[in-house]
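Trainee: what's the 3D shape of this:
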Amino acid sequence: MIFSLGIFTLLALVGVAFAALTWASEYRLAREHERPESFRWLRRWSLQGLLTPWLLWALMNFGFSFELQSFMPQLQRAQGTPAWWPLYAGYVAGGFCVISTYWTALTLGWIVWRAGHGLEGELRKEFRDLCRLGLVGMALPAVGFLWLGGWLAVGLAATALLAPIAGYAPVILRPNKLPPLYARAIARIKFGKYSEAEAEVIRQLEKREDDFEGWMMLAELYANQFNHLEAAEQTILEICDQPRTNPSQLSQALHRLADWHLKLREDPDAARRALEVIVSRLPGSHLARMAQTRAAQLPRTAEEWREQHANKPVHLPALHDPLGEAAGAPPTPVAVKQATARAAQLTARLKLQPDDLPSRDELARLLAGPLNQPLAAIAQVERLLSEPDPPPEKIADWLGLIAVWQLEGLHDLAAGRATLQRLIREHPKTSTAFAAQRRLQHLDTEEKVRIADANKPPPLRIRVDSGEKPA
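Mentor: The predicted model follows:
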């Protein structure tokens with residue numbers, strides 16, 4: 001019984017090995033974009049040409065009744081005896097092994113013919129030489145199989161002839177290509193020879209047409225050196241359409257295209273369209289969410305983009321803000337007029353984009369400074385504080401602004417003290433909290449000086465006698 005089980009397992013494994021050889025050959029010979037369709041065909045053919053004949057062979061030898069007996073005489077004689085099951089298992093496994101050799105021979109013949117069909121020139125000559133060498137080299141082993149096994153070994157003999165051809169054909173038909181090298185192109189770019197660099201990149205891409213690095217270098221040349229953004233955009237879109245471009249590379253290319261639209265054309269709408277391609281191509285992915293976040297942060301117009309990148313005053317920490325130090329110097333009428341126009345522009349923008357934090361911060365500083373409206377400025381900063389999950393340093397800075405405007409704009413010492421204490425209590429480890437502690441100490445010192453001046457007794461007046469006697 002154990003011996004029969006071993007024979008069954010061995011023959012079944014041999015049959016599976018022949019089938020695996022066929023699948024591996026199809027994988028190696030098919031082009032990458034053809035593999036899904038090739039595997040669908042091979043699955044159907046495996047079911048029709050391998051499994052179905054084997055199941056028929058197993059049913060034909062089962063012996064359902066006296067009228068419908070096993071096909072093999074040995075199984076007929078053993079019917080009803082304890083030796084029938086081991087013998088039946090051996091015949092079933094042996095039938096699978098023989099069927100798999102015929103199926104493998106037919107399939108390999110089709111795969112090899114399809115691989116060589118349509119070849120031209122030197123490649124056709126090399127493939128024919130491989131076929132001749134394989135057939136001649138394996139002719140003797142194939143004859144030996146036929147002599148030993150007779151007609152049962154025809155499939156094995158044909159497989160022996162075709163297997164070397166299928167094994168070595170990918171070396172001829174799909175040779176490993178050397179990766180493109182862009183050192184020469186980079187050297188020409190550094191020397192300002194951009195046309196020569198473009199020609200060198202194209203020459204290297206001819207070696208490997210789907211190389212992401214080369215296409216991106218070509219797009220960089222078109223955008224930054226030739227100032228031909230349309231050609232760069234077309235190159236980026238072609239990169240995204242290549243089947244070997246992975247999601248990360250697609251996102252990188254389109255983000256770069258968005259950068260060029262902003263840097264070279266100051267066109268936020270075109271940049272937003274480039275980012276929307278990521279969202280449509282990779283829906284629900286982390287890369288799509290990153291693209292959506294960046295698109296939401298882009299300005300609506302080119303004017304807003306220029307404003308964001310114009311030279312703006314750098315604000316010192318809140319408790320050392322120039323607004324407090326310059327409170328005694330009223331702004332000029334020209335400054336007030338410019339601040340009023342800018343505040344109106346920022347207010348209109350915030351109606352459309354309430355979450356535009358930089359614009360709201362700038363509006364608050366204008367209201368507290370040139371426009372002298374500290375209450376309105378504090379209201380804007382409190383709106384900033386209500387935003388979800390702002391950074392602790394930002395919260396501390398905004399609380400410091402409120403404290404400065406309460407102390408120096410509204411002259412409300414109690415409210416300013418309360419805000420400073422809240423800042424120290426809620427954000428003790430920030431730099432603004434240390435400044436708030438120093439400001440509280442300064443306020444305490446001023447308060448003590450005022451109290452001391454109020455309780456100080458009036459100075460004594462001493463009358464000096466001149467020494468003259470009355471007449």
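
Trainee: From Asp129, how far off is Glu122?
Mentor: 11 Å (CB to CB, to the nearest Å). All C-beta atoms are positioned from the backbone trio N, CA, C, and that covers glycine.

Trainee: C-terminal to the longest helix belonging to the chain, what's the next element?
Mentor: Longest helix in the chain, counting residues (DSSP state H): helix 84-116. Sequence order places helix 121-137 as the next helix or strand after helix 84-116, per DSSP states H and E.

Trainee: what separates that following helix from the chain centre, distance-wise?
Mentor: Using CA atoms, centre = their mean, to the nearest Å, the distance from the centre of helix 121-137 to the centre of the chain it belongs to is 45 Å.

Trainee: who's in contact with it?
Mentor: For helix 121-137, contacts defined as CB atoms under 8 Å, 6 or more residues apart in numbering pick out Val112, Ala115, Gly116, Leu119, Leu161, Leu162, Pro164, Ile165, Tyr168, Ala169, Ile172, Leu173.

Trainee: Could the C-alpha coordinates of that helix be exported in CSV?
Mentor: Presented in CSV, the C-alpha positions along helix 121-137 are these (Å, rounded to 0.1, in the frame of the first residue of the first chain):
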residue,chain,number,x,y,z
GLY,A,121,16.9,39.9,-40.0
GLU,A,122,19.7,38.8,-37.6
LEU,A,123,17.2,37.9,-34.9
ARG,A,124,15.4,35.5,-37.2
LYS,A,125,18.7,33.9,-38.1
GLU,A,126,19.8,33.4,-34.5
PHE,A,127,16.5,31.9,-33.6
ARG,A,128,16.7,29.4,-36.5
ASP,A,129,20.2,28.4,-35.4
LEU,A,130,18.9,27.8,-31.9
CYS,A,131,16.1,25.6,-33.2
ARG,A,132,18.5,23.6,-35.4
LEU,A,133,21.0,23.2,-32.5
GLY,A,134,18.3,22.1,-30.1
LEU,A,135,16.8,19.5,-32.4
VAL,A,136,20.1,18.0,-33.4
GLY,A,137,21.5,18.1,-29.8
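
Trainee: helix or strand right after it?
Mentor: Downstream of helix 121-137, the first helix or strand assigned by DSSP H and E is helix 139-149.

Trainee: what packs against that next one?
Mentor: When contacts are defined as 3 or more CB pairs under 8 Å, 6 or more residues apart in numbering; DSSP states H and E, helix 139-149 packs onto helix 154-173.

Trainee: Just the CA atoms of the next helix or strand after the helix it packs on, as PDB, please.
Mentor: For helix 154-173, the following helix or strand on the C-terminal side (DSSP H and E) is helix 183-190. The C-alpha coordinates for helix 183-190 follow below in PDB (Å, rounded to 0.1, in the frame of the first residue of the first chain):
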ATOM      1  CA  ALA A 183      26.700  61.100 -17.200                       C
ATOM      2  CA  ARG A 184      27.500  62.700 -20.600                       C
ATOM      3  CA  ALA A 185      24.100  64.400 -20.600                       C
ATOM      4  CA  ILE A 186      24.700  65.800 -17.100                       C
ATOM      5  CA  ALA A 187      28.100  67.100 -18.100                       C
ATOM      6  CA  ARG A 188      26.700  68.900 -21.200                       C
ATOM      7  CA  ILE A 189      24.000  70.500 -19.000                       C
ATOM      8  CA  LYS A 190      26.700  71.800 -16.600                       C
END
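
Trainee: Show the average pLDDT along helix 183-190.
Mentor: The average of the pLDDT scores along helix 183-190 is 89.

Trainee: Residues touching whichever helix or strand comes after it, excluding its own?
Mentor: Where DSSP H and E defines the elements, the next helix or strand beyond helix 183-190 is helix 194-205. The contact list for helix 194-205 (CB under 8 Å, 6+ apart) reads 180-182, 184-186, 188-189, 211, 214-215, 217-218, 221, 225-226.

Trainee: rerun that using 7 Å as the cut-off
Mentor: Residues from elsewhere that reach helix 194-205, judged by CB atoms under 7 Å, 6 or more residues apart in numbering: 180-182, 184-185, 188-189, 211, 214, 217-218, 221, 225-226.

Trainee: and it, how far out from the chain's middle?
Mentor: Worked out by CA atoms, centre = their mean, helix 194-205 lies 28 Å from the chain centre.

Trainee: Understood, closing this out.
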